[in-house]
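Engineer: Model the following, please.
(4 chains)
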Number of protein chains: 2
Amino acid sequence: MSLADKPKTDAPARGRPRSEAVERAIIEGVMKLLEDGVPLAELSIERIARTAGVGKAAIYRRWRGKEELFVDVVRAAEPPDEELPGTSMRDDLVALLETLRQRGLVSRSSVILHSVHAQMKSSPRIWEAYNKLVVAPRRRLGIEVLRRGQRNGELRADVDVELLNDLFVGPMLVRAVMRPDADLPDGLSERIVDTLLEGLRPAGSPPVSSPAE
Amino acid sequence: MSLADKPKTDAPARGRPRSEAVERAIIEGVMKLLEDGVPLAELSIERIARTAGVGKAAIYRRWRGKEELFVDVVRAAEPPDEELPGTSMRDDLVALLETLRQRGLVSRSSVILHSVHAQMKSSPRIWEAYNKLVVAPRRRLGIEVLRRGQRNGELRADVDVELLNDLFVGPMLVRAVMRPDADLPDGLSERIVDTLLEGLRPAGSPPVSSPAE
DNA sequence: CCATTACGATACGGACCGGTACCGTAATGT
DNA sequence: ACATTACGGTACCGGTCCGTATCGTAATGG
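Structural biologist: Predicted coordinates:
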């Protein structure tokens, strides 16, 4: 909506064109408020307009309401996807977890992460948008990496790929999103991936059922 | 605050005593609103009073504001801790994950889980209370189980216990809290624990001595 | 019986909000 | 030049909210 719709519908562009700077100012204003720790519930159109130095009409001219605006904020704040090294499944997984870790460390991404998740229940539209734009592609990417690993023999093939993905992503996500006090030290991604691959049994411990089959 | 404070300070109990039923009605009212999907941001004292069939004064008489009230709601909604089987570390871990899974399935617990997490950023007091009352004890319990497992040789001892705990808890928590669409099938707890213990490498794969040293 | 406190209800002032409607001005195309 | 549209600013209406106060009534203890 909004950003892409205007030129598409019809554009003889008669009168004064919409200032792209105003567009940015509004979205930046929302970001700034969120980064300053303003609870998302207190984000009113009036306050956003005030912060952005913009008339309320300028907002209503572009978005139907707070939700639509917020969807665009999420879209604008998403950093571009990084490339995977592709050297091995293990390295790809580490790279994927690393972007999650970074996201938890960067204020801008972190605040979006939290806001979206806070809205999740009350406003499915926002969650849906975020899911479609951010979560789903990355999840699909992760699952593809895992599938390739299974084919290459780097990963056991007798476990559901969806579950495997959660096993890798879950620990990082819990720290980055759900525990504000948790730390995200350097090398955490590697430790998670390698520990999971090695397994949690002691070194010499037999695999319970049949040690050497 | 509130529930425990009144009789402690001084209690000649002169006039009409506070109705315990009113107390319950208020907390139940908040729970009902949340369960009905009312966004936590829209919970106003007025609306709570209306729902509970209670005067606003009755609320202000007991709590200083919405936060204090909400802390008590969280406290009241917490189901009692279940016992651990204690037969083995593996079984204890499964039991711990199982309570998490149940929490994601029961509307009442689930809604509290989400609400608290939504509030987390904007209202550290609520998060702190929930953390202290619910998260921390369970986390401590899990870590103790893991430590015991390390001593018994059921779990490798060369990995940080905190990280190990996240490895077990993370996947379940991600599904129960962060992905409203995810399913929490029966046996999920067992699958997580067993898969993690076995490790994610294919059956015959060598342990690679030191993966990245 | 009386002081005291709690109760539901209602009212109040001050604040903010949403959404719309205007200003006077600015920036376009024709 | 002219019509057209966007701009920031301001005002407006109807609504909800907070927090306090004040009703008349109810439930205690002394």
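Engineer: Look up how far DNA strand C lies from the closest residue to DNA strand D within chain A.
Structural biologist: Nearest to DNA strand D in chain A, going by Cβ to the nearest atom of the strand, is A:Gly15, at a distance of 1.9 Å. Where C-beta positions appear, they are placed from N, C-alpha and C, glycine not excepted. Distance, A:Gly15 to DNA strand C, by Cβ to the nearest atom of the strand, to the nearest Å: 5 Å.
Engineer: Helix, strand, or coil at that residue?
Structural biologist: Judged by DSSP: H, G, I helix; E, B strand; the rest coil, the three-state class of A:Gly15 is coil.
Engineer: Quick one: low-confidence residue ranges for chain A.
Structural biologist: In the predicted model of chain A, residues A:1-12, A:204-213 satisfy pLDDT under 70.
Engineer: now with 80?
Structural biologist: For chain A, residues meeting the criterion pLDDT under 80 lie at A:1-13, A:79-81, A:203-213.
Engineer: which parts of it sit against DNA strand D?
Structural biologist: Neighbours of DNA strand D within chain A, by Cβ under 7 Å from any atom of the strand: A:14-19, A:22, A:25, A:53-58, A:61.
Engineer: Now the residue nearest the centre of chain A: phi and psi?
Structural biologist: In chain A, the residue lying closest to the centroid (Cα atoms, centre = their mean) is A:Val134, at 5.0 Å. Backbone torsions of A:Val134, given as degrees, to the nearest 10, read phi -120, psi -60.
Engineer: what about A:Pro17, how many neighbours?
Structural biologist: Neighbourhood size, A:Pro17 [other Cβ atoms under 10 Å in any protein chain shown]: 9.
Engineer: Likewise for the one 10 residues further on?
Structural biologist: Here the neighbour count serves as a burial measure; for A:Ile27 (other Cβ under 10 Å) it reads 22.
Engineer: Then A:Ala76?
Structural biologist: If you count neighbours by other Cβ under 10 Å, A:Ala76 ends up with 15.
Engineer: where's it relative to chain B, distance?
Structural biologist: Distance, A:Ala76 to chain B, using Cβ to the nearest Cβ, to the nearest Å: 20 Å.
Engineer: ok, that residue - contacts?
Structural biologist: Residues in contact with A:Ala76 (Cβ atoms under 8 Å, 6 or more residues apart in numbering or on different chains) are A:Ile27, A:Met31.
Engineer: which element is it on?
Structural biologist: Following DSSP states H and E, one finds A:Ala76 within helix A:66-77.
Engineer: Extract the CA atoms of whichever helix or strand comes after that helix and return them as PDB.
Structural biologist: With elements assigned by DSSP H and E, the helix or strand that comes after helix A:66-77 is helix A:89-105. Provided in PDB are the C-alpha atoms of helix A:89-105 (Å, rounded to 0.1, in the frame of the first residue of the first chain):
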ATOM      1  CA  MET A  89      25.700 -26.100   5.700                       C
ATOM      2  CA  ARG A  90      27.400 -25.400   9.000                       C
ATOM      3  CA  ASP A  91      28.700 -22.100   7.700                       C
ATOM      4  CA  ASP A  92      25.400 -21.100   6.200                       C
ATOM      5  CA  LEU A  93      23.700 -21.800   9.500                       C
ATOM      6  CA  VAL A  94      26.200 -19.800  11.400                       C
ATOM      7  CA  ALA A  95      25.600 -16.900   9.000                       C
ATOM      8  CA  LEU A  96      21.800 -17.100   9.400                       C
ATOM      9  CA  LEU A  97      22.100 -17.100  13.200                       C
ATOM     10  CA  GLU A  98      24.500 -14.300  13.000                       C
ATOM     11  CA  THR A  99      22.000 -12.000  11.200                       C
ATOM     12  CA  LEU A 100      19.600 -12.800  14.000                       C
ATOM     13  CA  ARG A 101      22.200 -11.900  16.600                       C
ATOM     14  CA  GLN A 102      23.000  -8.700  14.900                       C
ATOM     15  CA  ARG A 103      19.300  -7.900  14.700                       C
ATOM     16  CA  GLY A 104      19.100  -8.200  18.500                       C
ATOM     17  CA  LEU A 105      22.100  -5.900  18.900                       C
END
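Engineer: Give me the distance from helix A:89-105 to the chain's centre.
Structural biologist: Centre-to-centre, helix A:89-105 and its host chain are 12 Å apart (Cα atoms, centre = their mean, to the nearest Å).
Engineer: Pull out the buried positions in it.
Structural biologist: Neighbour-count burial for helix A:89-105, counted by 16 or more other Cβ atoms under 10 Å in any protein chain shown, picks out A:89-104.
Engineer: Around DNA strand C, pick out the residues from chain A.
Structural biologist: Residues of chain A lying near DNA strand C (Cβ under 7 Å from any atom of the strand): A:12-17, A:42, A:44-47, A:55-57, A:60, A:65-66.
Engineer: So among those residues, which ones count as buried?
Structural biologist: Buried by 16+ other Cβ under 10 Å: A:Lys66, out of the residues of chain A next to DNA strand C.
Engineer: any chance you could map the helices in chain A?
Structural biologist: Using DSSP state H, the helices of chain A run over A:5-9, A:20-35, A:45-52, A:56-60, A:66-77, A:89-105, A:107-119, A:124-130, A:136-152, A:161-173, A:188-198.
Engineer: shouldn't A:Val73 be in contact with A:Gly29?
Structural biologist: No. The criterion here is Cβ atoms under 8 Å, and A:Val73 misses it with A:Gly29 at 9.5 Å.
Engineer: Which residue ranges make up each domain of chain A?
Structural biologist: Following automatic domain parsing, one gets these domains for chain A: A:19-77, A:89-198.
Engineer: Mean neighbour count, the ones you listed: which tops it?
Structural biologist: When the domains of chain A are scored by mean count of other Cβ atoms under 10 Å in any protein chain shown, the highest mean neighbour count falls to domain A:89-198 (a mean of 19).
Engineer: Any idea how far it is from the middle of the chain?
Structural biologist: The chain centroid and the centroid of domain A:89-198 are separated by 9 Å under Cα atoms, centre = their mean.
Engineer: same question, stretch A:56-63
Structural biologist: Computed by Cα atoms, centre = their mean, the separation of stretch A:56-63 from the middle of its chain amounts to 27 Å.
Engineer: Other residues contacting that stretch?
Structural biologist: Contacts for stretch A:56-63 (Cβ under 8 Å, 6+ apart): A:Met1, A:Ser2, A:Arg18, A:Val22, A:Glu23, A:Ile26, A:Ile45, A:Glu46, A:Ile48, A:Ala49, A:Leu69, A:Asp72.
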